[in-house]
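*Asks:* Prediction below, plus the sequence it came from.
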Amino acid sequence: MKYRTAMCVCAALLGASSAWAQDIEEDAPPPKPLGASSVTLYGLIDQGVEFVNNVATGKNTTANGWRTGDGTATSYFGIRGSEDLGGGVKAIFDLQNGFSPTTGAARQGGRLFGRQSYVGLDGKYGRLTFGRQYTMRFYGISFINPFGTGAQGLTTLDNGIANARADNAVSYRYFLGDFEGGVNYSFGRDAVAGNSSVATNCPGQTSPSNQCREYSALLKYEGHTWGLATSYERNYGGTSATWGGLTSPDLTDSRFTLGGYFMIHKAKFGVGWIRRVNEGIATPRSNLVWFTGTVPVTPFFHIDGMVAQLKYEHSSNKALIEVLRGEYLLSKRTLLYVTGEHIQNFGNLALAATTLSPVPTPPAGGAQISVIAGIRHTF
């Protein structure tokens, strides 16, 4: 019932915005008066067909498989808007729902607006927002990660890449030219009960001490020919019912990130590093390093590539991936793609070459290949 209501609201808002746009074209009114507001419906739908090999099906048995899912990005729709309050200050909001086009199911633990859900103020002194939103780690990595939250790339080595969000958060970001700084604090980072990285049952809020708190900070420069960013994030544990091993506020999961890019003509090359200390697992310290490049072959076709390695300290466990993707633009909103990843595990690791659910893990220490061909449309 909640989802049906949300869709009705979206349809009404879309109809209202279309009628408003038509009035502008026909009547050509003067600029918006003080207090004017705008609301936009937007989103992305990605669907492809995947082949994946060497899927562990039992003791010493494997299989290959075909299935459908989103390949280059997780699908979503959102409603965002703003109101001019005068003096260069605007009230803003953003409600963003992640969903699976394959089944129509909601993502992020079944939340109605699980990707983002915030309201706040934006002006020359910065942007202050309240609600469920991205942590500063997201902004420190996204500009040097062309594979984003897709089914391949860094998400296969660190499930937190696609889930750098926090419930009950207060966020502040300040922009000065090409520079950006920001901080985020959550009073309870994940209020949804579950057994995955998107639903960890860590509501916090009125709990004592640091239980389920999160904080993060960001410094970033993003110029025309080069850029550099660093961030730090710490997540505190909850109770024995919290998923992921952080079963006490005394246990933490911290990530330090550092990365940058440089441009050669229109080609972009980047390098990144994540130093993680996750006290919820047996080998807490790890390093994730990657190199990436995006090369435009023509105005309508470009190639993305990545090589990345995850290595756990004082352990034989590590994984190496190579990813290659080609995208052909049919228009500004629609593109076709083919993307492939090869992963080689070492030690007892059994990470898959894809994050499409259910995740088809290979045997421990084994290799796997995933290839996805599909279409993506933004609106």
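*Replies:* Great, that's in hand.

*Asks:* What number of residues are in the vicinity of residue 149?
*Replies:* Per other C-beta atoms under 10 Å, the neighbour tally for residue 149 reads 22. For glycine as for every other residue, the C-beta is placed from the backbone atoms N, C-alpha and C.

*Asks:* Give me the phi and psi for the nearest residue to it once chain neighbours are set aside.
*Replies:* In space, and not counting its chain neighbours, residue 149 is closest to residue 162: 4.0 Å by C-beta to C-beta, 6 or more residues apart in numbering. Note on residue 162: backbone dihedrals following degrees, to the nearest 10 are phi -90, psi 0.

*Asks:* swap in residue 75?
*Replies:* When read as degrees, to the nearest 10, the backbone of residue 75 gives phi -80, psi 150.

*Asks:* what's the answer for residue 141, then?
*Replies:* As for residue 141, its main-chain torsions (degrees, to the nearest 10) stand at phi -120, psi -40.

*Asks:* Would you agree it is in contact with residue 231?
*Replies:* Yes: shown here, residue 141 and residue 231 form a contact pair, counting by C-beta atoms under 8 Å, at 7.5 Å.

*Asks:* what do those two both touch?
*Replies:* Contact with both residue 141 and residue 231 is made by residues residue 257, according to C-beta atoms under 8 Å, 6 or more residues apart in numbering.

*Asks:* Please work out how many residues are found near residue 350.
*Replies:* Neighbourhood size, residue 350 [other C-beta under 10 Å]: 18.

*Asks:* That one against residue 362, yeah?
*Replies:* Yes: if you go by C-beta under 8 Å, residue 350 and residue 362 touch, sitting 5.9 Å apart.

*Asks:* Now list whatever residues contact both of these two.
*Replies:* Common neighbours of residue 350 and residue 362 (C-beta under 8 Å, 6+ apart) are residue 56.

*Asks:* Give the buried residues for stretch 135-147.
*Replies:* By neighbour count with 16 or more other C-beta atoms under 10 Å, stretch 135-147 contains the buried residues 135, 136, 137, 138, 139, 140, 141, 143, 144, 145, 146, 147.

*Asks:* Is it possible to get TSV of these that adds pLDDT and secondary structure?
*Replies:* Output for the buried residues of stretch 135-147, formatted as TSV (pLDDT from 0 to 100; DSSP: H, G, I helix; E, B strand; the rest coil):
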residue	pLDDT	secondary structure
135	98	coil
136	98	helix
137	98	helix
138	98	helix
139	97	helix
140	97	helix
141	97	helix
143	95	helix
144	97	helix
145	97	coil
146	97	coil
147	97	coil
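
*Asks:* of those residues, closest to residue 241?
*Replies:* residue 135 (22.6 Å; C-beta to C-beta).

*Asks:* Give me the nearest residue to that closest one, chain neighbours excluded.
*Replies:* residue 216 (4.4 Å).

*Asks:* just checking, residue 108 touches residue 198?
*Replies:* Yes: between residue 108 and residue 198 a contact is recorded at 4.9 Å, counting by C-beta under 8 Å.

*Asks:* shared neighbours, the two?
*Replies:* Common contacts of residue 108 and residue 198 (C-beta under 8 Å, 6+ apart): 114, 163, 192.

*Asks:* Residue 108 and residue 198: who's more crowded?
*Replies:* Neighbour count, other C-beta under 10 Å: between residue 108 and residue 198, residue 108 has more, with 26 against 19.

*Asks:* Return the residues in contact with the more buried one.
*Replies:* 98, 114, 115, 163, 165, 192, 198, 199.

*Asks:* what's the neighbour count on the closest residue to it other than its chain neighbours?
*Replies:* The shortest distance from residue 108 to any non-neighbouring residue, by C-beta to C-beta, 6+ apart, is to residue 114 (2.5 Å). The tally of other residues near residue 114 (other C-beta under 10 Å) stands at 23.

*Asks:* Name the SS class of residue 114, please.
*Replies:* Look at residue 114: counting by DSSP: H, G, I helix; E, B strand; the rest coil, its state is coil.

*Asks:* isn't it right next to residue 107, touching?
*Replies:* Yes: contact criterion C-beta under 8 Å: residue 114 and residue 107 qualify, at 6.0 Å.

*Asks:* okay, and the common contacts of the two?
*Replies:* Common contacts of residue 114 and residue 107 (C-beta under 8 Å, 6+ apart): 98, 198.

*Asks:* Identify the residues contacting residue 53.
*Replies:* Neighbours of residue 53 in contact, by C-beta under 8 Å, 6+ apart: 62, 64, 368, 369.

*Asks:* tell me the contacts of residue 80?
*Replies:* 39, 40, 42, 92, 93, 94, 95, 96.

*Asks:* quick one: the fifth one from residue 273, how far?
*Replies:* Counting by C-beta to C-beta, to the nearest Å, the gap from residue 93 to residue 273 is 34 Å.

*Asks:* returning to what we had before: by neighbours, which of the contacts of residue 53 wins?
*Replies:* residue 368 (26 neighbours).

*Asks:* what sits against that one?
*Replies:* Per C-beta under 8 Å, 6+ apart, neighbours of residue 368: 52, 53, 54, 55, 342, 343, 352, 353, 360, 362.

*Asks:* so how many other residues sit close to residue 99?
*Replies:* Residue 99 has 21 nearby residues by other C-beta under 10 Å.

*Asks:* Mind pulling up the pLDDT for it?
*Replies:* Residue 99 is assigned 96 on the pLDDT scale.

*Asks:* same check, this time on the one 4 residues further on
*Replies:* Looking at residue 103, its pLDDT reads 94.

*Asks:* Burial check on it, number of neighbours?
*Replies:* Using other C-beta under 10 Å, residue 103 is surrounded by 10 other residues.

*Asks:* burial count for residue 280?
*Replies:* If we define neighbours as other C-beta under 10 Å, then residue 280 has 17 of them.
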